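Trainee: pasting the structure only:
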């Protein structure tokens, strides 16, 4: 009984962590992209390029690597059960 409860709690904790990581990385990516636009508007193209690269990287991690590759399959698996 305790093993089953522990496994369920661990699965829920993993799911919450992956969901939070996806949302956090996506939010960080959006903030970097906004900073890139602000830096470009302020005639600082070197900062804009760095912010754009970091924003793109964070968005790829947040939306694709964590969200699509991790969160979507877990959600489908939990909804099937």
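Mentor: Arrived safely, thanks for sending. Everything numeric in this text was worked out from a predicted model, so none of it was measured. Numbering: from 1, shown residues only.

Trainee: wait, what's in contact with the residue found closest to residue 52 once you drop the neighbours it is linked to in the chain?
Mentor: Among residues not flanking residue 52 along the chain, residue 36 sits closest, at 4.1 Å (Cβ to Cβ, 6 or more residues apart in numbering). Using the backbone N, CA and C atoms, a C-beta is placed for each residue, glycine as well. Counting by Cβ atoms under 8 Å, 6 or more residues apart in numbering, residue 36 makes contact with 47, 48, 49, 51, 52, 55.

Trainee: what does residue 42 give?
Mentor: Going by Cβ under 8 Å, 6+ apart, residue 42 touches no other residue.

Trainee: And for residue 33, nearest residue in space, chain neighbours not counted?
Mentor: The shortest distance from residue 33 to any non-neighbouring residue, by Cβ to Cβ, 6+ apart, is to residue 55 (3.9 Å).

Trainee: Might one say that that neighbour is in contact with residue 26?
Mentor: No: contact criterion Cβ atoms under 8 Å: residue 55 and residue 26 do not qualify, at 10.4 Å.
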